[in-house]
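Colleague: predicted model and sequence follow; I will ask about them next.
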Amino acid sequence: MSLIRIIILALFVYVIIRLARTLYRIFSSSSRQSSMHEPKQKKSKIDKKDIIEADFEEIKDQEKDNSQN
């Protein structure tokens, strides 16, 4: 019986903590909302020297059959 009480108490504490964190996030985001009107820009830029071009050749069915034998 005491194990059930511990589990219920732990669930109750968990719900209280989650509720407090959610309320904190709601109220703290409303004060920062005026500074968040502009989305962040991505910092990573791809240079042309980073791009590697490759040529691919299509494998025909006859070549596949020959390689399997």
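Modeller: Perfect, I can see it now. All values derive from a computational prediction rather than experimental measurement.
Colleague: low-confidence stretches in the protein?
Modeller: For the chain, the stretches with pLDDT under 70 are 30-44, 62-69.
Colleague: try 90 this time
Modeller: Residue ranges of the chain with pLDDT under 90: 1, 25-69.
Colleague: state which helix of it is the longest.
Modeller: Criterion DSSP state H: the longest helix present in the chain is helix 2-32.
Colleague: and that helix, what does it pack onto?
Modeller: Here helix 2-32 touches no other helix or strand, going by 3 or more C-beta pairs under 8 Å, 6 or more residues apart in numbering; DSSP states H and E. Heads up, the C-betas are built off the backbone N, CA and C, glycines and all.
Colleague: list the buried ones in that helix?
Modeller: Within helix 2-32, no residue is scored as buried using 16 or more other C-beta atoms under 10 Å.
Colleague: how about residue 53, secondary structure?
Modeller: Following DSSP: H, G, I helix; E, B strand; the rest coil, the label given to residue 53 is coil.
Colleague: so who does it touch?
Modeller: By C-beta atoms under 8 Å, 6 or more residues apart in numbering, residue 53 lies in contact with nothing.
Colleague: list phi and psi for it.
Modeller: phi -90, psi 140 (degrees, to the nearest 10).
Colleague: distance check, it against residue 47.
Modeller: Using C-beta to C-beta, to the nearest Å, we find residue 53 at a distance of 14 Å from residue 47.
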